[in-house]
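K.L.:
please find the sequence and the predicted model below.
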Amino acid sequence: MRYLRLPAFLADFNALTPAERALVKRWLADVFLPAVVAYESEPAHFVWPSALRFERIRNGGGICAVTWSFSGPDGRATFEFTTVDGQPCLVWRRIGHHDIYKRP
């Protein structure tokens, strides 16, 4: 699967503290990316791990949200699945704290 990052995501990520960025990177490697690999193999029957607190944004047009930290920073990220050049693609939209839901 391809991954794209919107400019808002990159700005949000750069605004995180170094400790938060390190936490996000560990979360990606240990939790999120393995879930995406499993999702990619069987999207119709896939159940997201409860540790991700996966949700679809209501009236979000396909935008999804996950939690990358439950304590300390209240870490959230939004993304959507699409296709680019006929290939499945995950587009990272926003990352940060609960306030990203204002403009997911």
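P.N.:
Alright, I've got the coordinates.

K.L.:
make it CA atoms for all contacts and neighbour counts henceforth
P.N.:
Will do.

K.L.:
so where does Pro88 fall, helix or strand?
P.N.:
Per DSSP states H and E: Pro88 is located in strand 87-96.

K.L.:
what helices or strands is that strand leaning on?
P.N.:
Helices and strands touching strand 87-96, by 3 or more C-alpha pairs under 8 Å, 6 or more residues apart in numbering; DSSP states H and E, are strand 2-5, helix 7-15, strand 75-84.

K.L.:
what average pLDDT does whatever helix or strand comes next after the second one get?
P.N.:
Looking back up the chat, that one is helix 7-15. Downstream of helix 7-15, the next assigned helix or strand under DSSP H and E is helix 18-27. For helix 18-27, mean pLDDT is 95.

K.L.:
chain center to the strand holding Pro88: distance?
P.N.:
6 Å (C-alpha atoms, centre = their mean, to the nearest Å).

K.L.:
buried set for it?
P.N.:
By 16 or more other C-alpha atoms under 10 Å, the buried positions in strand 87-96 come out as 89-96.

K.L.:
quick revisit: most tightly packed of the helices and strands packed on strand 87-96?
P.N.:
Across these, averaging neighbours per residue (mean count of other C-alpha atoms under 10 Å) puts strand 75-84 on top, at a mean of 19.

K.L.:
give the contact list for the nearest residue to His97 once chain neighbours are set aside.
P.N.:
Counting by C-alpha to C-alpha, 6 or more residues apart in numbering, Gly75 is the residue found nearest to His97 once chain neighbours are left out, at 4.8 Å. Contacts for Gly75 (C-alpha atoms under 8 Å, 6 or more residues apart in numbering) come out as 67-69, 95-98.

K.L.:
what about Arg58, neighbour count?
P.N.:
Other residues near Arg58 come to 9 when the count uses other C-alpha atoms under 10 Å.

K.L.:
just the pLDDT for it.
P.N.:
90.

K.L.:
shouldn't it be within a helix?
P.N.:
No - under DSSP: H, G, I helix; E, B strand; the rest coil, Arg58 falls outside any helix and is assigned coil.
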